[in-house]
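1. Here is the input, now give the coordinates:
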Amino acid sequence: MPADSADAHAARIAAALAADGWCVVDDWLPDAAWRALADACRRHAAAGALAPAAIGRGAARHHDPAVRGDHTRWLQADDPADAPALHALDALRAGLNHELFLGLRRTEAHYARYPPGAGYARHRDRFRDDDARVVSLVLYLNEAWSDADGGALRIFAPDGDTPHDVLPIGGRLAVFRAADVEHEVRAARRERLSIAAWLRRD
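-> I've put the predicted structure just below:
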């Protein structure tokens, strides 16, 4: 992504986070880049490298597919397939720090594959006893997605009663404040791929 484009995205996202707590950016990554990430996610799935996602933390951490049905794998900085996504996310972290002085120190991200029929119940991304996650991001890796496919990210904005549904269209980035914005993943009728990421203050 060219530097001027990255700076423009960061400025737009920062303004939306400050005003509304969330935003959506289409074409955040070029087609070739997000399609390569989708291919990597599918390779990991075929190799059995995606693990069932858990909920909770510590002794309470457990797997409950009725609440959360995705399978995940953390992106690795030394994996050539993962590096472009991590680089772009880290550039956005730096841009948001510049715009909003959030004190973001680290980026973490994982692939998420939802099989048909799977979802993730309404929740927030920040634990009650841990304020490290400041900004949540979801980058979508799905080609030719339509309303009929389902699988929307439903965002419950902190300043309104009407939820907003965001279709998981390839290259689209959803961004929201981890502590403030409740959200859920609606069940889809086909495989749904994404990268979930957090910009952390720790």
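2. Quick one: residues contacting residue 76.
-> residue 82 (CB atoms under 8 Å, 6 or more residues apart in numbering). (Glycine included, C-beta is placed from N, CA and C.)
3. Please report the distance of it from residue 40.
-> 11 Å (CB to CB, to the nearest Å).
4. Next: residue 77.
-> In this view, residue 77 and residue 40 are 14 Å apart by CB to CB.
5. Then residue 189?
-> From residue 189 to residue 40 the distance is 23 Å (CB to CB).
6. Mind checking which of those two has more residues around it?
-> Set residue 189 next to residue 40 and count neighbours by other CB atoms under 10 Å: residue 40 wins out with 21 against 12.
7. got the contact list for residue 39?
-> Contacts for residue 39 (CB under 8 Å, 6+ apart) come out as none.
8. That one: helix or strand, and which one exactly?
-> If you go by DSSP states H and E, residue 39 is part of helix 31-46.
9. Now that helix: buried residues?
-> By 16 or more other CB atoms under 10 Å, the buried positions in helix 31-46 come out as 33, 34, 36, 37, 38, 40, 41, 42, 44, 45.
10. For residue 91, state which of those is nearest.
-> Among these, residue 33 lies closest to residue 91 (CB to CB), at 13.0 Å.
11. doesn't residue 84 make contact with the closest one?
-> Yes: shown here, residue 33 and residue 84 form a contact pair, counting by CB atoms under 8 Å, at 5.8 Å.
12. intersection of neighbour lists for residue 76 and residue 40?
-> With CB under 8 Å, 6+ apart, residue 76 and residue 40 have common neighbours residue 82.
13. In terms of pLDDT, where does the residue at minimal distance from the centre of the chain sit?
-> For the chain, residue 138 is the residue whose C-alpha lies nearest the centre (CA atoms, centre = their mean; 1.8 Å). pLDDT recorded at residue 138 is 98.
14. in the helix or strand hosting residue 108, what counts as buried?
-> In this assignment (DSSP H and E), residue 108 forms part of strand 106-114. By 16+ other CB under 10 Å, the buried positions in strand 106-114 come out as 107, 108, 109, 110, 111, 112, 113, 114.
15. With stretch 143-157 instead?
-> Residues 145, 149, 150, 151, 152, 153, 154, 155, 156, 157 are the ones in stretch 143-157 that count as buried (16+ other CB under 10 Å).
16. residues in contact with the fourth one?
-> Residue 151 is in contact with 114, 119, 142, 145, 167-168, 185-190, 192, counting by CB under 8 Å, 6+ apart.
17. most surrounded residue in the residues you listed?
-> Compared across the contacts of residue 151, residue 192 has the highest neighbour count, 27 neighbours, by other CB under 10 Å.
18. which residues does that residue contact?
-> 113, 114, 118, 142, 151, 168, 185.
19. and the residue nearest to the fifth one when sequence neighbours are not counted, what does it touch?
-> Same thing as residue 151. Nearest residue to residue 151, sequence neighbours excluded (CB to CB, 6 or more residues apart in numbering): residue 188, at 2.8 Å. Residues near residue 188 by CB under 8 Å, 6+ apart: 114, 116, 117, 118, 119, 149, 150, 151, 168.
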